[in-house]
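Engineer: Here's a sequence, model it:
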Amino acid sequence: MKAIVDCNSFYAACERLFKPSLHGKPVVVLSNNDGCIVSRTDEAKALGIQMAGPYYQNKEEIEKNKVAVFSSNYHLYGDISWRVMETLRSFSPHVEVYSVDESFLDLTGIDETMLYEYAVFLKHTTELWTGIPVSIGVAPTKVLSKVANRLAKKDKLGTKGVIVLQTPRQQMEGLQKTPVEDVWGVGGASSKKLRLFNINTAWDLRNMSEDWARKNLGGVVGVRLIKELRGEPCIEMKDPLEIKKMIATTRMFGKPVYELRELREAVATYITRAAEKLRRQNCAAKTISVFLVTNNYSNSYEYKPAGFSLYTTLPFATSLTNLLIEHAMPLVEQLYRKGSKYLKAGVILSSIVPDDKVQFNLFEKPSSEHEKKN
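Structural biologist: Numbering: from 1, shown residues only. Below you'll find the predicted structure:
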């Protein structure tokens, strides 16, 4: 059996840790340029504040309801994430960190008649030791555990934040309650096409044939998805030592840089080096971060809150240098401020997955370059 532990409204929960007066009150966290909302508490969600919505569009509602607003503090979130993951490692020898606020746990060896009690104890201990609320889904496969987790998060009071999909009946009921767009690996765009086949729920998708999946859901990727929904493990737990979760390349410039052209050249060079490291471990990355350090004053660094770091998420993970550079260049242009003196630049590749686990859009074929590489 596998479990996924997902922190609830993680960034907002981190901010609440140090401000107990905010418990039970609406809180939102903004992106690093304060442009979009990247985390909301349940109280903020109840006000209709949308995830990823522009701050300016929600500003009136936020001020009217006295919503607490925070700029992102990724150093804080990284530290608290580490504490959460270390806590989880005390419950399982095999923890796969999936993202900053999510991890899969291998529960092999746990008495299957006690899975629910074990998950509840795991939840309470994690919250007690770290102060971060979590939801837990347990099932025979990763995809089913994600379904269970989503159901637990949707009804925290009714489920106490824990759902186990162990028996065939439990799995059927859970899948019937799950819209097809909520299935891990499907998403909104693909779900619209699935609905054309009258596939509206995860249960409908689970009951499609493997031949249909091979033809309509991207070949082996679709077959794997349907098997996972049926409780047949196809997506294995990853060895935590197998791959780096993040690859960074950064350098101080030999002399201050003022021109956008020079910054673009530097970042392209760093992307090239990072991509080489990525290919060495037979992996691909889906997220690119670019950061610049400027010193407009003689005695101190100035970290511009509106222009220090930006990231972008690619349509699919890749290790192709030209594609990574193509997506990184707009970030450099957005960060650049004419007249500033830049001393350092760097890139970070994250959301790293093995080459054979790259998930493309279910209805689109990968490029010929990817087909040749993989």
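Engineer: Show me the shaky parts of the chain.
Structural biologist: 32-33, 239-244, 295-307, 356-374 (pLDDT under 70).
Engineer: care to break the protein down by domain?
Structural biologist: 8-76, 77-229, 247-357 (automatic domain parsing).
Engineer: Determine how far the last residue of the second one lies from the first.
Structural biologist: So that's domain 77-229. End-to-end distance for domain 77-229: 32 Å, by C-alpha to C-alpha, to the nearest Å.
Engineer: Equivalent analysis for the shortest one, please.
Structural biologist: According to C-alpha to C-alpha, domain 8-76 extends 16 Å from its N-terminal end residue to its C-terminal end residue.
Engineer: ok, back up a step: same list (the domains of the chain) but as a markdown table, adding mean neighbour count and distance to E236.
Structural biologist: Where C-beta positions appear, they are placed from N, C-alpha and C, glycine not excepted. Listed next are these as a markdown table, based on neighbours: other C-beta atoms under 10 Å; distance: least, C-beta to C-beta, whole Å:
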| stretch | mean neighbour count | distance to E236 |
| --- | --- | --- |
| domain 8-76 | 17 | 26 |
| domain 77-229 | 18 | 9 |
| domain 247-357 | 17 | 9 |
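Engineer: Could you double-check that A345 lies in contact with T269?
Structural biologist: No: if you go by C-beta atoms under 8 Å, A345 and T269 don't touch, sitting 9.5 Å apart.
Engineer: If T318 is in a bridge, with which residues?
Structural biologist: Counting by DSSP bridges, T318 forms beta bridges with A285.
Engineer: other SSEs contacting the helix or strand hosting S350?
Structural biologist: Assessed by DSSP states H and E, S350 sits inside strand 342-354. Counting by 3 or more C-beta pairs under 8 Å, 6 or more residues apart in numbering; DSSP states H and E, the packing neighbours recorded for strand 342-354 are strand 247-257, helix 260-280, strand 283-294, strand 309-318.
Engineer: could you check the angle strand 247-257 makes with that strand?
Structural biologist: 160 degrees (axes from the mean of the first three to the mean of the last three C-alpha atoms, to 10 degrees).
Engineer: Strand 342-354 pairs with which strands?
Structural biologist: Under the rule (DSSP bridges), strand 342-354 has strand 247-257 (antiparallel), strand 283-294 (antiparallel) as partners.
Engineer: is it possible to export these to TSV including distance to M237?
Structural biologist: Converted to TSV, the strands paired with strand 342-354 look like this (distance: least, C-beta to C-beta, whole Å):
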stretch	distance to M237
strand 247-257	22
strand 283-294	16
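Engineer: Can you check which of these gets nearest to L151?
Structural biologist: strand 283-294 (25.7 Å; C-beta to C-beta).
Engineer: Let me know the angle separating that closest one from strand 309-318.
Structural biologist: 160 degrees.
Engineer: Please name the nearest non-neighbouring residue to K160.
Structural biologist: Among residues not flanking K160 along the chain, V120 sits closest, at 6.8 Å (C-beta to C-beta, 6 or more residues apart in numbering).
Engineer: Correction: the previous question concerned K146.
Structural biologist: Nearest one to K146, counting by C-beta to C-beta, 6+ apart, is W184 at 4.1 Å.
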